[in-house]
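Asker: sequence unknown, structure follows:
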């Protein structure tokens, strides 16, 4: 039958082929997702050679060539087939890094037969910067489509394909790691704010699914008294697991508890430690939940597929497990406080120890500056909070706060607020922006009747500058050594956790050698002796009098003056004083 006018009946002319190659290179380089790139390559190569079967083999971590994409056939055996370098036609191309064309595979002993009807095979090595990326393998029922022009075109294209595959792989890895870090950061903030253990465990099943697409998942918590792991959350373990308790001396879960290390088993039938709880299980990964070197429990992931989990999964779950262990311990503590009201005194002592553990262990110091913190709680549990965030490079964040209320509610709210502030501070956000974000979080997790006043400052000691925002705390004092006087940093705002959409002002100040900045809660200046209040003016005069002292000595001197004012009395409220001095 005659062809329509203008239709090319033979192979494309060299000029047309060159133009087609340039277009192909542009199209392929525009695809950055490996899951889209490999099928796109397979489709576009039909414009050069009309193949029957196409495989794109990529090198794996063990040096084998494994099919990353197969076109033309659908068979599990083909997708699992791995080739050693030097084995078969594909391995020969990988070994020599030269194209291997076999016009009649029946005459070549290297040919590995998978499907009947294959006559010709072309294996094209994919090399980028002298590194073997993989092999492009094309098979057909005849040698005629593999014309010299087609083979030359594929050889020219192979280098571009190798670079495109490497770029796409790097893009995916970068995107994966960036996403993982962001996910772990968000998970840390999310789990820290959940104080109900059952809700936390339910959320954890969803959270782990975000980083590893498991089939079967369980959270087992350690019952230290009985030496058993207790299954507290199960996903796809079946309607009723036969055993909800497992001695720590048994199974892969017990092995992870005893070793305090992850246990990865690609084939559980070959591991004598395995305890058969889910009949379909073929591979298993167990990661211990460690809090301060103590095992809290384990993550248990199981799969009906062999070698389902990898070392990368271990790398992902290990830091997550550490975050989760802390969140579980916090949730357990909160549950005990609510449940055991008859043992309130003992629980209050425990809570106070934990609260003090949340405060900085010491005051930081750096090149050209020193800090000092002074805290006097009025009761066993305090509503005041303070923290330092040494970000390096001369940057120091300082938070000083006071939660409205007393006792356990105020202390828990202070701990929650402190954790929220810390999670934001290291993002190096400006003080006013940090205040807005913390306020939004506290409003979402709001507790009726509780709010927080806070002063947050960001010092840049290299630039000798200070930025501060305030949400209702008494105005900090800035002593200027050059003028030998102290003045209040007059910046105000609404207490955190009171109103949605609150915005905050920010004040900037320059710092000089010998300058001192003092933050304090209202328990300091509102302390009373009879009807007389200590007041901010006394504090200002004391600061001006003793400003030449080191930060710690200055703070102690100011507290001595307060105690001298009170005499035998004691402050009715918590007292917190933070001193920052520029050297």
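Answerer: Thanks, I have the structure now. None of the values given here were measured: they were computed from a predicted structure.

Asker: what are the contacting residues of the helix or strand residue 252 falls within?
Answerer: Element membership for residue 252 (DSSP states H and E) is helix 251-259. The contact list for helix 251-259 (C-beta atoms under 8 Å, 6 or more residues apart in numbering) reads 220, 222, 229, 246-249, 262-263, 265, 268, 271, 273-275, 284, 286-288, 295, 298, 300. From N, CA and C alone the C-beta is placed, and that goes for glycine too.

Asker: one more: stretch 422-434?
Answerer: Stretch 422-434 has contacts (C-beta under 8 Å, 6+ apart) with 185, 188-189, 192, 387, 389, 391, 395, 397, 399, 421, 437-438, 456-458, 467-469, 503-506.

Asker: which parts of that stretch are buried?
Answerer: Neighbour counts using 16 or more other C-beta atoms under 10 Å place 422, 423, 424, 425, 429, 431, 432, 434 of stretch 422-434 among the buried residues.

Asker: does the residue nearest the centre of the chain count as helix, strand or coil?
Answerer: The C-alpha lying nearest the average C-alpha coordinate of the chain belongs to residue 184 (C-alpha atoms, centre = their mean; 2.1 Å). Secondary structure, DSSP: H, G, I helix; E, B strand; the rest coil: residue 184 is helix.

Asker: quick one: it from residue 208, how far?
Answerer: Per C-beta to C-beta, to the nearest Å, residue 184 is found 12 Å from residue 208.

Asker: overlap in contacts of the two?
Answerer: residue 320.

Asker: buried set for the helix or strand where residue 415 lies?
Answerer: Element membership for residue 415, per DSSP H and E: helix 407-425. Buried residues in helix 407-425, counting neighbours by 16+ other C-beta under 10 Å, are found at 408-425.

Asker: same check, this time on stretch 138-156
Answerer: Those would be 138, 139, 140, 143, 145, 146, 150, 151, 153, 154, for stretch 138-156 by 16+ other C-beta under 10 Å.

Asker: ditto for stretch 269-281
Answerer: By 16+ other C-beta under 10 Å, the buried positions in stretch 269-281 come out as 274, 277, 278, 281.

Asker: on that earlier part again, now do the contacts for the residue nearest to the centre of the chain.
Answerer: Each residue near residue 184 by C-beta under 8 Å, 6+ apart is listed here: 211, 319, 320, 323.

Asker: now the buried members of those residues.
Answerer: Among the contacts of residue 184, the ones that count as buried (16+ other C-beta under 10 Å) are 211, 320, 323.

Asker: export the residues you listed to CSV and tack on pLDDT?
Answerer: What follows is the buried ones among the contacts of residue 184, written out as CSV (pLDDT from 0 to 100):
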residue, pLDDT
211, 77
320, 85
323, 83
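
Asker: just the strands in the stretch 451-583 of the chain please.
Answerer: 452-460, 465-470, 477-480, 485-488, 507-510, 516-520, 528-529, 532-533, 575-582 (DSSP state E, counting those that start in this stretch).

Asker: whoops, I mixed them up, the stretch 1-150 of the chain
Answerer: Ranges of strands in the stretch 1-150 of the chain, per DSSP E, counting those that start in this stretch, are 53-59, 65-71, 100-102, 120-128, 131-140.

Asker: in CSV: those, plus distance to residue 258 and mean pLDDT.
Answerer: Output for the strands of the stretch 1-150 of the chain, formatted as CSV (distance: least, C-beta to C-beta, whole Å; pLDDT from 0 to 100):
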stretch, distance to residue 258, mean pLDDT
strand 53-59, 37, 86
strand 65-71, 35, 85
strand 100-102, 52, 92
strand 120-128, 46, 89
strand 131-140, 42, 88
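
Asker: now those strands in TSV, with distance to residue 492?
Answerer: Shown next, in TSV, are these (distance: least, C-beta to C-beta, whole Å):
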stretch	distance to residue 492
strand 53-59	61
strand 65-71	61
strand 100-102	78
strand 120-128	60
strand 131-140	61
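
Asker: outside of stretch 366-375, which residues touch it?
Answerer: Applying C-beta under 8 Å, 6+ apart, the external contacts of stretch 366-375 come out as 359-360, 363-365, 382, 384, 386, 388, 390, 394, 396, 398, 459, 461, 550-552, 554-556, 558-559, 574-583.

Asker: can you give me the strands in the stretch 151-300 of the chain?
Answerer: Under DSSP E, counting those that start in this stretch, the stretch 151-300 of the chain gives strands at 216-223, 228-235, 245-247, 263-265, 283-291, 294-303.

Asker: could you dump these to CSV with mean neighbour count?
Answerer: Conversion of the strands of the stretch 151-300 of the chain to CSV gives the following (neighbours: other C-beta atoms under 10 Å):
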stretch, mean neighbour count
strand 216-223, 22
strand 228-235, 19
strand 245-247, 16
strand 263-265, 21
strand 283-291, 24
strand 294-303, 24
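
Asker: residue 481 is nearest to which of those?
Answerer: Ranking the strands of the stretch 151-300 of the chain by proximity to residue 481 (C-beta to C-beta) places strand 283-291 first, at 45.3 Å.

Asker: filter the contacts of stretch 422-434 down to the buried ones.
Answerer: 188, 192, 387, 389, 395, 397, 399, 421, 438, 456-458, 467-469, 504, 506.

Asker: related to what we said a few turns ago, identify whichever of the strands of the stretch 1-150 of the chain lies nearest to residue 331.
Answerer: For residue 331, the closest of the strands of the stretch 1-150 of the chain is strand 65-71, at 42.9 Å, according to C-beta to C-beta.
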